[in-house]
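Undergrad: What follows is a predicted protein model with its sequence.
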Amino acid sequence: MADKRSIDLYLKLLESGSEKKRDIRLVVVGKKGAGKTSLIRRLFGEDITDVTSTNGIEIHKIKCKAMSDDGIWNKLDDNYEETQTHARLFKEYLGKLQDKRTIKEPVEAHIAIKDNTPVIFVDESKKSETVSKQPDIIKPPKAAEPPKAAEPPKAAEPPAEHPVNPQQSNQSSEQAARDFETMLTAKSKVDVHDKEEYATFMLWDFAGDEEFYHTHQTFLSQDAMYLVVTKLNEADEPNAKGNISNRSVTLFQLWIDSIHCYSRLEEQNIVSDDKTTTSDDLDPPVVIVGTWKDAVTLEADTVFDVYKFLKI
Ligand SMILES: Nc1nc2c(ncn2[C@@H]2O[C@H](COP(=O)(O)OP(=O)(O)OP(=O)(O)O)[C@@H](O)[C@H]2O)c(=O)[nH]1
Ligand SMILES: [Mg+2]
């Protein structure tokens, strides 16, 4: 809800928890016409006959569900977004409920309600503190029956219901709990025992046009992986070998340098007993893809020498 109270509450809740970000970004860069879009289409198993030059950046988003154990990532269908949001909310909500129930045993969770006040779960141990801090909260009367022995928390169970003032009970708390449960379990079929993690795989297909280059800098970051695509057949252009003035090769070098401006790991000097060696591990990771192999006329070794010269 967009009222002021809800927004404040929402912002507080945002600060109260955290989760691992599992999104992956793969950025594909290289000279115009190098075959970036064709490569991506091939990777997606799509047709490449109608590929046209990319304008700006084309972003592909693929929703994945990752098995944490075997590392296999599965593509999800279109309604993933809502399910994922609900799963995130619901797991957090359940975690909080379970904490309340298991910290103190037996736990007697009450729902303190006040009109225009968010639902607050008060546990016995903190009752006095909570009540004194929030004097306006109406404490529900104690249940006639003795509190139940602590049970293992059940998955989709709403907060325990206690005999409370009918005016209160009919209002926000129960309704909210019911709505919440319905929304999360019935509609989106969230499996709360689901141990899998969700992530979005984003593939950025950059335009190779040199006019776009200065804007590309804005989008390069260390939290990505890169594919640098280069036309192998242009390595045999005049002066290519050992000559940085070859346009194709220069642009290739430009991309490698630009990406590594964001390097997280400085080149490390590893000192061992007898010698000092240098680690070439650079972050972010870059995969080099040679395209137009079918059009290469030089020997493979000669092409390799051109790129070797660049000391990448
Ligand atoms: N012969 C040959 N043609 C290719 C190869 N890869 C791509 N092409 C062709 O090269 C042209 C340009 O390919 P794109 O995939 O649009 O290249 P791009 O790097 O995305 O180009 P921009 O988006 O303009 O930067 C298309 O006509 C492709 O069919 C290849 O390996 N061999
Ligand atoms: Mg393209």
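TA: Looks like it arrived, so ask away. As the structure is a computational prediction, the values presented were derived from the model and not from experiment. Ligands and ions are numbered 1, 2, ... in the order given.

Undergrad: near ligand 1, which residues of this structure show up?
TA: Contact residues, the chain versus ligand 1 (Cβ under 6 Å from any ligand atom): 30, 32-38, 51, 53-54, 207-208, 291-292, 294-295. C-beta here means a position set from N, CA and C on the backbone, and glycine is covered the same way.

Undergrad: Repeat the analysis, applying 8 Å as the threshold.
TA: Counting by Cβ under 8 Å from any ligand atom, the chain comes close to ligand 1 at 30-41, 48-49, 51-55, 205-209, 229, 231, 291-295.

Undergrad: What's the ChimeraX syntax to select whichever of those residues are buried?
TA: Buried subset of the residues of the chain next to ligand 1, written as a ChimeraX selection, criterion 16 or more other Cβ atoms under 10 Å:
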select :30,31,34,35,36,37,38,39,40,41,54,205,206,207,208,229,231,291,292
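
Undergrad: Quick check: bridge partners of residue 286?
TA: residue 226 (DSSP bridges).

Undergrad: count of neighbours near it?
TA: Using other Cβ atoms under 10 Å, residue 286 has 18 neighbouring residues.

Undergrad: go on, the one 4 residues further on?
TA: Burial of residue 290 is recorded as 19 neighbouring residues (other Cβ under 10 Å).

Undergrad: Run through the residues that contact it.
TA: Shown in contact with residue 290 (Cβ atoms under 8 Å, 6 or more residues apart in numbering): 230, 231, 232, 303.

Undergrad: same thing but 10 Å
TA: 34-35, 228-233, 235, 252, 296, 303-304, 307 (Cβ atoms under 10 Å, 6 or more residues apart in numbering).

Undergrad: Could you list which of the residues you listed belong to helices?
TA: 252, 303, 304, 307 (DSSP state H).

Undergrad: What is the least confident helix or strand in this protein?
TA: helix 127-133 (a mean of 35; mean pLDDT, DSSP states H and E).

Undergrad: Which ones, among the residues of the chain next to ligand 1, also lie beside ligand 2?
TA: Contacts with ligand 2 within those, as defined by Cβ under 5 Å from the ion: 36, 37, 54.

Undergrad: Nearest residue to the closest residue to ligand 2 within the stretch 51-200 of the chain in space, please, no chain neighbours.
TA: In the stretch 51-200 of the chain, the residue that lies nearest ligand 2 is residue 54 (3.1 Å; Cβ to the ion). Of all residues not flanking residue 54 in the chain, residue 207 sits nearest, at 4.3 Å (Cβ to Cβ, 6 or more residues apart in numbering).

Undergrad: same thing with residue 199?
TA: Residue 199's closest residue in space is residue 22 (Cβ to Cβ, 6+ apart), at 3.7 Å.
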